Every structure is written in structure tokens, then in C-alpha cells.
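S.K.: Here is my input, please return the structure:
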Amino acid sequence: MVVACFLAWVVSVSAAPQSISVNYKVVNNFPVKYVAVNLNDPEVTVTTALATRFPTGLESWNSIINRLHPDALINGTYFSLRTNMPVGDIAVGGDLIYRGVVGTALCITPDNRVAFRPGPQQCKPDWHGYQSVLCAGPRLLTDGVETVNAWEEGFRDPHVLGSATRSAVAWRPDNSLLLLTVETNISLTNLAYVCKGLGATQAMCLDGGTSSGLYANGRSVTTPGRSVSNVLVIYNSPAHFQQVAGECMPVVLPVLARLTTPRRPMLPGGPAPVSAGDPELVASVIKPPPPTLVKITNLVPAQAVQGVVPVVIEVIRDKRMTWTSLRIDGQLRAMTNIWPMQFQWDSTKELDGMHLLEVTAWTQEQEMLSRNAIQVRVHNTEKVADVGTTRQP
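M.R.: Numbers count the residues shown, from 1 in each chain. Now for the predicted structure:
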């Protein structure tokens with residue numbers, strides 16, 4: 001049993017008076033660096049942000065800082081070392097732009113209310129109403145109680161399950177959001193007690209190890225040893241945020257669901273407003289997809305496949321369409337705007353069994369035009385060792 005918090009020493013440096021502060025503490029013999037963000041301050045903005053080549057590319061820490069000019073920043077969710085693609089859901093600016101497969105989500109409303117919600121392994125999550133969603137995990141604290149259950153959340157990587165240097169995000173009842181790093185190896189359970197020792201009642205882990213990074217007060221408090229895929233960013237004034245808001249999603253990506261008030265309040269061709277509700281419904285109502293615009297032509301349902309499989313897309317040319325995307329089991333794998341539209345799917349990276357392939361046609365304005373999906377059976381005689389997507393140092 002881990003003993004309650006022992007405070008050995010404390011230093012606090014203000015990054016922005018009463019809104020963002022940089023702190024150093026020793027809790028239960030673990031040195032902790034953390035940024036405390038006062039969410040009672042209406043001037044504060046909390047947002048997710050993406051690397052310039054997201055979802056298949058990474059960006060260096062210094063490049064992200066120079067581009068986003070944050071008041072505070074911490075690294076985000078895990079990503080695959082093989083594909084660079086993240087493993088958790090991500091929403092930016094009220095738009096869900098990526099679906100993952102594991103974890104717990106930090107959810108932020110437009111008025112800075114915080115929720116920690118179960119991810120796709122535990123339920124079918126509905127992120128409607130949240131401005132920012134960052135699904136990482138595993139959960140550390142729930143209502144002040146240690147609730148680490150990484151296996152239930154879908155984590156299998158021994159680096160996640162064991163001891164490692166860590167990043168985490170936590171919430172205190174005084175409505176402070178804590179961004180913290182521990183640069184010595186620490187287990188998930190001990191990290192939960194560290195968060196509790198800082199006064200938090202809700203907490204979850206972020207990516208860690210060489211991905212662990214923390215920035216505030218104009219300098220890196222913890223510097224990651226590698227480039228990263230996504231980050232959580234804090235701005236201490238609306239004016240500062242508006243100057244760089246466009247950089248939070250520097251790539252044009254399909255919007256999977258609009259979680260807050262739609263950018264276009266009227267339906268195409270009609271006066272009725274888009275109603276709030278299930279985000280998938282909202283996304284489909286914005287632009288009803290014609291069933292024959294895009295289709296997988298070289299595969300049939302329940303077909304057995306092996307090795308590298310071409311996925312050939314038949315497209316009825318439409319001047320509105322600019323690209324197609326491919327998802328495997330709901331996870332974005334590739335996008336293309338090159339004709340003829342075809343993807344190469346390496347099925348050896350999947351577990352044997354049934355998998356859902358989904359192709360979607362998109363406009364330049366990120367509206368979904370059409371979608372086609374089939375299930376095929378992967379049956380490889382040899383399995384590669386690296387079949388997992390979850391990664392932490």
C-alpha cells in the first residue's frame with residue numbers, strides 16, 4: 001500500500017498570475033514537475049493540437065512550440081512507432097477528427113468544464129458537447145480513489161503496464177487542471193497516489209517515456225527525446241489563442257463528427273438547423289452520403305485475405321470530392337487524392353479474424369460525401385511480432 005503524500009520541498013513560479021503556474025514538488029519520494037491551470041479564469045483556453053503531418057507524421061517539440069506559441073503545453077496520447085498514428089480519439093475545436101481503440105478521454109467543454117470519460121474499450125463513447133477530446137490513459141483516479149485498470153482499457157504494452165517515466169493530466173476540486181511529468185520510473189499505481197498527493201480527485205496518464213514533455217513560462221520544463229504526434233495546449237487569453245487557433249489543426253482532415261455547434265448552421269438546400277444529438281447523426285445530416293459515389297471493388301464481404309492487400313476504390317467522379325480515406329476497424333490508416341484511388345493494406349499488421357474496411361469520400365471543406373464498408377477475414381499463416389498499436393516507452 002502506498003503511503004499518503006509526503007511533501008519534501010516546494011517551488012512555485014508564476015507563468016501568468018492566478019491562471020498558469022509552474023510548480024516543483026516531491027510527493028512520496030517522487031520528484032514532480034507540474035503546471036497548474038486555473039479553469040475558473042474565463043480568459044484561459046484549453047485545446048488539443050496536432051503535428052503538422054498528423055496522423056501519419058510526427059513533429060519535433062521545438063517546432064510545435066515555435067508554431068503554437070503556447071503559454072503551457074504537454075505531450076498528448078500514445079502513437080504507434082510503426083505508423084506514427086495515435087491510439088486514442090482526438091477532437092480539436094469541436095470536431096472529432098480521429099478515432100482510436102483504447103484508453104480514457106480528457107474532455108473539455110467550450111466553457112472549460114472538465115470530464116474524464118471511458119474510451120472505446122469500455123463503451124461506445126459519445127463526445128457530443130465537448131470542444132476538445134484527448135483519449136489516452138489509463139485512468140488513475142476516479143473521485144479521489146485509485147482506479148488503475150489498464151488491461152480493461154485495452155492496454156497490453158508492458159511499458160505501459162510496468163514502470164516508466166510518465167506524463168499525466170489531473171483535476172482538483174478547486175477547478176485546477178494539472179499537467180505533470182515524473183522523470184523517474186514510476187508505476188501507474190504510484191502515479192495515481194502522486195496525483196492524489198497533489199490534491200487531485202480525477203487523473204489519467206498520457207504518453208510518457210521519451211515522449212514525455214512539459215512546457216510553460218517560456219521554457220521546456222521537461223524535454224521529450226523524440227518528436228510527437230499531438231499535444232494539449234493552454235493559452236491564458238482569448239486574444240493569444242485566436243492568433244494561433246488555426247495552427248492547432250494545421251492539416252486539412254475529414255471531420256468524423258461535429259461535437260459542438262456546427263460551423264454551418266443550415267442544412268444544404270434547406271432552412272432547417274442541424275439539431276444536437278448523436279455526433280455520428282450530426283455528421284451524416286450535414287451532408288447525406290450518396291450510396292454509389294465510392295465503393296471497394298476488388299474485395300467481397302467475408303473474403304479471406306493475406307499479406308499486402310490492394311484496396312481498389314471505384315469513384316463516380318464528383319467535382320466536390322477531393323480525396324478518399326481508408327479506415328480499418330474505425331482507425332484512420334491512409335488518405336489519398338491521387339487517381340486512380342487505391343490503398344495498399346498490410347494485413348500482417350492485424351490479428352487474424354474479421355476486420356471492417358471503410359472508405360469515405362470527402363470534399364475540400366471536410367464534408368463527407370459517401371461511405372462504403374465491408375468486412376473481410378484476415379488469415380495469415382505467419383504472424384508478425386509487432387501486432388499491437390499501443391505504445392509507451
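
S.K.: show me the contacts for the most centrally placed residue in the chain.
M.R.: Nearest to the mean C-alpha position of the chain, by C-alpha atoms, centre = their mean, lies residue 90 at 3.3 Å. For residue 90, the contacting residues are 48, 50, 76-77, 96-98, 100, 133-135, 230, by C-beta atoms under 8 Å, 6 or more residues apart in numbering. For glycine as for every other residue, the C-beta is placed from the backbone atoms N, C-alpha and C.

S.K.: Below-threshold pLDDT in this protein: ranges please.
M.R.: 1-18, 262-292, 317-319, 364-366, 382-393 (pLDDT under 70).

S.K.: Using the record, which stretches count as separate domains in it?
M.R.: Following automatic domain parsing, one gets these domains for the chain: 7-258, 289-378.

S.K.: most tightly surrounded among those domains?
M.R.: domain 7-258 (a mean of 20; mean count of other C-beta atoms under 10 Å).

S.K.: where's the residue nearest to the centre of the chain relative to residue 221, distance?
M.R.: 23 Å (C-beta to C-beta, to the nearest Å).

S.K.: can you give me the helices for the stretch 251-393 of the chain?
M.R.: With DSSP state H, counting those that start in this stretch as the criterion, the stretch 251-393 of the chain has helices at 279-286.

S.K.: what about the strands in it?
M.R.: Under the criterion DSSP state E, counting those that start in this stretch, the stretch 251-393 of the chain contains strands at 257-258, 294-296, 304-305, 308-315, 321-328, 331-336, 342-346, 353-363, 368-378.

S.K.: Turn those into JSON lines, including distance to residue 35.
M.R.: Below are the strands of the stretch 251-393 of the chain laid out as JSON lines (distance: least, C-beta to C-beta, whole Å):
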{"stretch": "strand 257-258", "distance to residue 35": "30"}
{"stretch": "strand 294-296", "distance to residue 35": "45"}
{"stretch": "strand 304-305", "distance to residue 35": "47"}
{"stretch": "strand 308-315", "distance to residue 35": "44"}
{"stretch": "strand 321-328", "distance to residue 35": "35"}
{"stretch": "strand 331-336", "distance to residue 35": "30"}
{"stretch": "strand 342-346", "distance to residue 35": "40"}
{"stretch": "strand 353-363", "distance to residue 35": "36"}
{"stretch": "strand 368-378", "distance to residue 35": "37"}
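
S.K.: To residue 20, which of the ones you listed lies closest?
M.R.: When the strands of the stretch 251-393 of the chain are compared by C-beta to C-beta, strand 257-258 sits nearest residue 20, at 29.5 Å.

S.K.: Direction included, what does that closest one pair against?
M.R.: Under the criterion DSSP bridges, strand 257-258 sits next to strand 95-98 (antiparallel) in its sheet.

S.K.: after the partner strand, next one along is what?
M.R.: Remark: after strand 95-98, the chain's next helix or strand is strand 104-108, criterion DSSP states H and E.

S.K.: residues making contact with that following strand?
M.R.: 46-47, 88-89, 114-119, 125, 127, 130-139, 153, 169, 204, 232.

S.K.: Mind checking which of these are in strands?
M.R.: 46-47, 114-118, 132-136, 139, 169, 204, 232 (DSSP state E).

S.K.: picking up where we left off before, of the strands of the stretch 251-393 of the chain, which is nearest residue 180?
M.R.: Among those, the nearest to residue 180 by C-beta to C-beta is strand 331-336 (28.5 Å).

S.K.: contacting residues around the residue lying closest to residue 38 once chain neighbours are set aside?
M.R.: Of all residues not flanking residue 38 in the chain, residue 19 sits nearest, at 5.0 Å (C-beta to C-beta, 6 or more residues apart in numbering). Taking C-beta under 8 Å, 6+ apart, we find residue 19 in contact with 37-38, 41, 43-44, 236.

S.K.: so what does the longest helix along the chain touch, helix or strand wise?
M.R.: Longest helix in the chain, counting residues (DSSP state H): helix 188-197. Judged by 3 or more C-beta pairs under 8 Å, 6 or more residues apart in numbering; DSSP states H and E, the packing partners of helix 188-197 are strand 20-27, strand 30-38, strand 139-142, strand 145-146, strand 164-172, strand 176-186, strand 202-205.

S.K.: Include distance to residue 349 when you put the ones you listed into CSV, please.
M.R.: Shown next, in CSV, are the helices and strands packed on helix 188-197 (distance: least, C-beta to C-beta, whole Å):
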stretch, distance to residue 349
strand 20-27, 40
strand 30-38, 36
strand 139-142, 28
strand 145-146, 34
strand 164-172, 24
strand 176-186, 29
strand 202-205, 25
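
S.K.: Pairing partners for the residue nearest to residue 200 when sequence neighbours are not counted in the sheet, please.
M.R.: Closest residue to residue 200 apart from its sequence neighbours, by C-beta to C-beta, 6+ apart: residue 170 at 3.6 Å. Following DSSP bridges, residue 170 is listed with bridge partners residue 178, residue 203.
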